[in-house]
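>>> return a 3D structure for these sequence lines:
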Amino acid sequence: MSLVTVDRPQPHTTVVTLNRPDVLNAMSIDLVIELHDTLEEVAADNDCYVVVLTGAGRAFCSGLDLKDYGIIPNIDGLTVGRIAQRSMRYYSRLVSQLRRMHQPVIAAVNGPAYGGGMCLSLAAEIRIADETATFNATGIVNGLTSTEMAASWLLPRLIGAAHANDLLLTGRKVDADEAYRMGLVSRIAPAGTTLELALEIAAGMAKFSPYGLAMTKDILWVGLETAALESAIEIEDRNQLMLGFTENLQEAIRAFAEGREPAYTDEPRRDLFDTPG
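Sure, this is the predicted structure:
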């Protein structure tokens, strides 16, 4: 059985599903490796504009599988410390991988998102939650640290230091309503309809320019990583200029005048190559 499934239920949208529902999609090494390889394939799909990440059954992801987390490949000759270091990287690299994908990612949190599962959702650009969803920084509860898989960097930037400190230090569970109030998620779906809402959002986004979506994602992340206002403005200006050299804005103007939906092609502006006289 595949531990990660891929579906394409509508144009330009790929749904990636963690598929270990019997253990609430807990993260084993095998699942993490399969998820990494799957995301690489999805990122290379030029027809995919938006990715939806969700879990099978009644959970998004319950974090590390404490009973059967597995062993990473290629450990011959390694000491315990080196094996442990490499094992951690198998998990943490997923955050950087999601950030590098050119497609925006919607995390459809359809139930518990604990520990590494919560961290995985933080790496998505958009998080929506089923009304039954719960979030929890499990590491501290298990005698470890909650600062894993970029949580110490991402969470304060997403919800502020006060809320992040509360979640990461107390290990308390946060329900969907509180997650929405603190800004951890942007929308709540009625029970059992999270994927439906995610697909609706994705369909709306897929009407836009895929170039525009990818470039917006890039600059949103650059903005999180940039300390200076002027630097953020400079990179935004250049980003907008690059899109301005496409036919997209002209098409938007034509479509508005003709009372129709625009059809973006990302092709270069034709008038830029017109020679005067």
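
>>> alpha carbons only for contacts and neighbour counts from here, please
OK.

>>> worst-scoring helix or strand of the chain, pLDDT-wise?
Lowest mean confidence among the helices and strands of the chain (mean pLDDT, DSSP states H and E): helix 80-100, at a mean of 83.

>>> roughly how far is that helix from the heart of the chain?
Distance of helix 80-100 from the chain centroid (Cα atoms, centre = their mean, to the nearest Å) equals 17 Å.

>>> go on, stretch 93-103?
With Cα atoms, centre = their mean, you get 8 Å for stretch 93-103.

>>> residues of it that come out buried?
In terms of neighbour count (16 or more other Cα atoms under 10 Å), stretch 93-103 has its buried residues at 94-95, 98-99, 101-103.

>>> turn the residues you listed into TSV, columns for distance to residue 120.
Shown next, in TSV, are the buried residues of stretch 93-103 (distance: Cα to Cα, whole Å):
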residue	distance to residue 120
94	8
95	7
98	9
99	11
101	14
102	17
103	16
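
>>> what's opposite the closest residue in space to residue 187 that isn't next to it in sequence in the beta bridge?
Nearest-residue entry for residue 187: residue 128, 4.9 Å, with adjacent residues in sequence omitted and distances by Cα to Cα, 6 or more residues apart in numbering. Listed by DSSP bridges, the beta-bridge partners for residue 128 are residue 108, residue 187.

>>> domain parsing of this structure, as residue ranges.
Listed domain ranges for the chain are 4-205, 210-272 (source: automatic domain parsing).

>>> all strands of the chain, in order?
4-10, 13-18, 50-55, 105-109, 112-114, 126-130, 134-136, 174-175, 187-189 (DSSP state E).

>>> from the middle of its chain, how far away would the last one be?
Centroid separation for strand 187-189 versus its chain: 16 Å, with Cα atoms, centre = their mean.

>>> hmm, who's touching it?
127-131, 176-177, 180, 194, 197 (Cα atoms under 8 Å, 6 or more residues apart in numbering).

>>> quick check: the two most widely separated of those?
Using Cα to Cα, these span at most 16.6 Å, a distance reached by 177 and 197.

>>> okay, which residue is most central for the protein?
The centre of the chain sits closest to residue 124, judged by Cα atoms, centre = their mean, with a distance of 1.9 Å.

>>> mind listing what that one touches?
Contacts of residue 124 (Cα under 8 Å, 6+ apart): 98-99, 104-107.

>>> repeat that for residue 254.
Taking Cα under 8 Å, 6+ apart, we find residue 254 in contact with residue 262.

>>> again, only using 6 Å
By Cα atoms under 6 Å, 6 or more residues apart in numbering, no residues touch residue 254.

>>> what's the distance between it and residue 244?
According to Cα to Cα, to the nearest Å, residue 254 stands 15 Å off from residue 244.

>>> again, but for residue 201
25 Å.

>>> how about residue 232?
18 Å.

>>> now swap in residue 110 and tell me
Per Cα to Cα, residue 110 is found 38 Å from residue 244.

>>> so between these two, which is more surrounded?
Neighbours per residue, other Cα atoms under 10 Å: of residue 110 and residue 244, the larger number sits with residue 110, 27 against 15.

>>> for the more buried one, list the residues it contacts.
Counting by Cα under 6 Å, 6+ apart, residue 110 makes contact with 59-60, 130, 133, 194.

>>> out of those residues, list just those in helices.
residue 194 (DSSP state H).

>>> so which of the contacts of residue 110 wins on neighbours?
Of the contacts of residue 110, with other Cα under 10 Å as the count, residue 60 tops at 34 neighbours.

>>> hang on, that one packs against residue 109?
Yes: assessed by Cα atoms under 6 Å, residue 60 is found in contact with residue 109 at 5.3 Å.

>>> quick one on the thing from earlier: what comes into contact with the least confident helix or strand of the chain?
Applying Cα under 6 Å, 6+ apart, the external contacts of helix 80-100 come out as 123, 149.

>>> what residue ranges in the chain score low on pLDDT?
69-70, 72, 75, 78, 80-81, 83, 272-277 (pLDDT under 70).

>>> kindly recompute the last result at 90.
1, 64-91, 142, 144, 225-232, 234-245, 249-250, 269-277 (pLDDT under 90).

>>> quick revisit: want to throw the contacts of strand 187-189 into CSV with distance to residue 10?
Formatted as CSV, the contacts of strand 187-189 follow (distance: Cα to Cα, whole Å):
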residue, distance to residue 10
127, 20
128, 19
129, 21
130, 21
131, 24
176, 27
177, 29
180, 27
194, 16
197, 13
